[in-house]
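Colleague: With the sequence up front, the predicted model follows.
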Amino acid sequence: MRDSHSVCQFLFADAEILLLICCSLGFRATKATKSETNAAMTQPKEPIRLRQRKTPSGKISLYLDIYISGKRSYEYLNLYLMPERTREDKERNKQTLSLAEAIRSKRVVEMRNHRFGFESNFSPQTNLFDYIDMLMERRKAKSGGGNWANWRGYVVQMSRFAPATTTLGDIDASFAQRWKVFLRDEAYNSHYKRSKPVRLSQSAQCNYWRKFACTINTAVQEGIISKNPLRGIEGVKDGSPERVYLTLDELKRMIATPCRNKELRRAFLFSCLTGLRVSDIKKMTWKEVGQCGEFTRITFAQQKTKEQEYLDISKDAASLLGERGNPSDLVFRDLRIDHYSRNELRAWALDAGISKHIVFHTGRHTFAVVMLELDTDIYTLQKLLGHRELRTTQRYAEVLDKKKQEAIARIPSLLNEDSEKE
C-alpha cells in the first residue's frame, strides 16, 4: 500500500480538490433547493468512477473507471481493501477508501482543466493479477464479456501456478516455460469434482496459453515491459478435441427415457434440435420468440459473439417451448446448469443405455452432426450454428465424412473371395 500520509499531503495541497473530497464524503454547506436538486438529477453521469474488484488472494483492488469522449480506460490505484476481522481493519479500509476517493477527485479536477492524458499507472512492479483484472474489465466493456468464463479459468490456473505477489517484472522466459509445463503436467480441470483430478485437454492448454500471451503482449505494447519474454518460445498448439454427439438412434432413446429434472430434459432436447448454446437458452425470453410464416423464429443476440441471429426452428423444437408467457419472462425459467444438473444429465443418458460422456454442449454437437447426416450443406450449417468462420463448422464435417465412408465401402471384399475359393 502507498504511504497514505505523503499522498494525502500532495492531494490536499489543492483547495479545489479538498472541496471535491468534502462533497464526495457528504458535507453540505446549505440545503439544496428543489430546482437545484432537479438540475442535479439531470446532470450526466460521473465520467470517473471508483470501482472495486476482488483479487484471487481475497483482497479487493480499487481502480478508476474513466469514460471520456467515448473512450473507456482504467487506472488501478494499487490500493486494497482487506478482509475486516477487527475494528482496526475497518478503520484502515475506511482510510484507504478516502484516499482512493481523493485520487478520483484529483482526476476530476484534471479532466475539468482539460488534462485528459492520464499517464499509465502500470509499471514492471504492477501485480500480475491486477493487470489481468484490468484486461478482463477492458474486454468486458468492449465485447460484453462473451469470453469471460475462459478468462476466469485462466485466472484460476494462474493463481495455482504463481504466487499472489507476482509482478509483471517477474515474468521472464523461465517463467513462461514453467507455465507451459504446468499447463501440460499439473493443471487440472476444476469443473469436474472427481476423486482423481482431470488433466486439461490440449484445447484448454492452448486457450490458457493464449490468454497468457495476450497479457504479456499487451504489457509490451503499452510500454510496461521493455522486452517480450515470449520471444523465441513456441506456444501451445491447439488440439482437435473429440466432439461427443448423439446419433439419431441415441437421441430417440434419450427422448423415450424419463429424466428426473424435467426442465433440464426440455432444454437439452431443445439444444439437440436447434443447436443453441446453453448460454443462449438460459437467457431466452418470450420477446425473442416470434412467428415467420409457418415457422417459429428465435431472434436473439448470441451471448458468446454478440451477433444478431434469426433462427427458424422445427415443429418438434417449438413444442418444447411450452406455454407462452409475458415478453420479459424466461422461456426456460427453472433451468440451472451446475454440478448437480450435470450429474443428472449423465444419469439420464446412462438410464437410456448411453455410456458417452454427455454434457449440455453435446446437444449442439448432436444438432450439427444430425444436420450433416441429413445432407445439409456446410454453408447452411454455418448459418444455423451462428459461426463466424467456416473453418469452425468444417470441424463437424471431419466427424462425419461421408466421402471417406463411401471410399471405404468401394473396397472389394478380398478376404471373402479367398475363403470362397478355398
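Modeller: Looks like it came in fine.
Colleague: now the helices for the stretch 51-200 of the chain?
Modeller: Taking DSSP state H, counting those that start in this stretch, the helices of the stretch 51-200 of the chain run over residues 87-112, 128-143, 148-161, 173-185.
Colleague: what's the shortest one in contact with?
Modeller: Which is helix 173-185. For helix 173-185, the external contacting residues (C-beta atoms under 8 Å, 6 or more residues apart in numbering) are 157-158, 160-162, 200, 205, 208-209, 212, 216, 229-230, 232-233, 236. Every residue, glycine included, has its C-beta placed from N, CA and C.
Colleague: Dump the C-alpha coordinates for it into PDB.
Modeller: C-alpha atoms of helix 173-185 as PDB (Å, rounded to 0.1, in the frame of the first residue of the first chain):
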ATOM      1  CA  ALA A 173      11.500 -16.700 -20.400                       C
ATOM      2  CA  SER A 174      11.900 -19.200 -17.500                       C
ATOM      3  CA  PHE A 175       8.500 -18.200 -16.000                       C
ATOM      4  CA  ALA A 176       6.900 -18.700 -19.400                       C
ATOM      5  CA  GLN A 177       8.400 -22.100 -19.900                       C
ATOM      6  CA  ARG A 178       7.400 -23.300 -16.400                       C
ATOM      7  CA  TRP A 179       3.900 -22.000 -17.100                       C
ATOM      8  CA  LYS A 180       3.800 -24.100 -20.300                       C
ATOM      9  CA  VAL A 181       4.900 -27.200 -18.400                       C
ATOM     10  CA  PHE A 182       2.400 -26.600 -15.600                       C
ATOM     11  CA  LEU A 183      -0.400 -26.500 -18.100                       C
ATOM     12  CA  ARG A 184       0.700 -29.800 -19.600                       C
ATOM     13  CA  ASP A 185       1.600 -31.700 -16.500                       C
END
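Colleague: Just give the number of residues close to Thr257.
Modeller: Look at Thr257: counted by other C-beta atoms under 10 Å, it has 15 neighbours.
Colleague: Contact partners for the closest residue to it other than its chain neighbours?
Modeller: Spatially, and ignoring its direct neighbours in sequence, Thr257 is nearest to Ala352 (4.0 Å; C-beta to C-beta, 6 or more residues apart in numbering). Contact analysis of Ala352 by C-beta under 8 Å, 6+ apart lists Glu250, Arg253, Met254, Ala256, Thr257.
Colleague: go again using 10 Å as the cut-off
Modeller: Contacts for Ala352 (C-beta atoms under 10 Å, 6 or more residues apart in numbering) come out as Leu246, Glu250, Leu251, Lys252, Arg253, Met254, Ile255, Ala256, Thr257, Pro258, Cys259, Ile358.
Colleague: if we can go back for a sec, of all pairs in the contacts of helix 173-185, which one is the farthest apart?
Modeller: Distance extremes for the contacts of helix 173-185: the farthest pair is Arg160 and Gly232 at 26.0 Å, using C-beta to C-beta.
Colleague: Those two: which is more packed in?
Modeller: Arg160 (13 against 8).
Colleague: give the contact list for that one.
Modeller: Applying C-beta under 10 Å, 6+ apart, the residues contacting Arg160 are Pro56, Phe182, Glu186, Ala187, Tyr188, Ser190.
Colleague: From Pro229, how far off is the closest residue to Gly232 other than its chain neighbours?
Modeller: Closest residue in space to Gly232, ignoring its immediate chain neighbours: Ala173 at 7.6 Å, by C-beta to C-beta, 6+ apart. Ala173 sits 5 Å away from Pro229, going by C-beta to C-beta, to the nearest Å.
Colleague: what does Ser271 give?
Modeller: 42 Å.
Colleague: quick one, which of those two is more surrounded?
Modeller: Between Ser271 and Pro229, Ser271 has the larger neighbour count (other C-beta under 10 Å), namely 23 against 19.
Colleague: Hmm, the more buried one is touching Phe360, no?
Modeller: Yes. Assessed by C-beta atoms under 10 Å, Ser271 is found in contact with Phe360 at 6.8 Å.
Colleague: okay, and the common contacts of those two?
Modeller: Arg277, Val278, Ile281.
Colleague: so what's the backbone phi/psi at the second one?
Modeller: Taking degrees, to the nearest 10, you get phi -60, psi -30 for the backbone angles of Val278.
Colleague: Quick one: mean pLDDT for the lengthiest strand in the chain?
Modeller: Taking DSSP state E as the criterion, the chain has its longest strand at strand 71-81. Mean pLDDT, computed over strand 71-81, is 82.
Colleague: What separation do you get for Glu110 and Tyr131?
Modeller: Relative to Tyr131, Glu110 is positioned 23 Å away (C-beta to C-beta).
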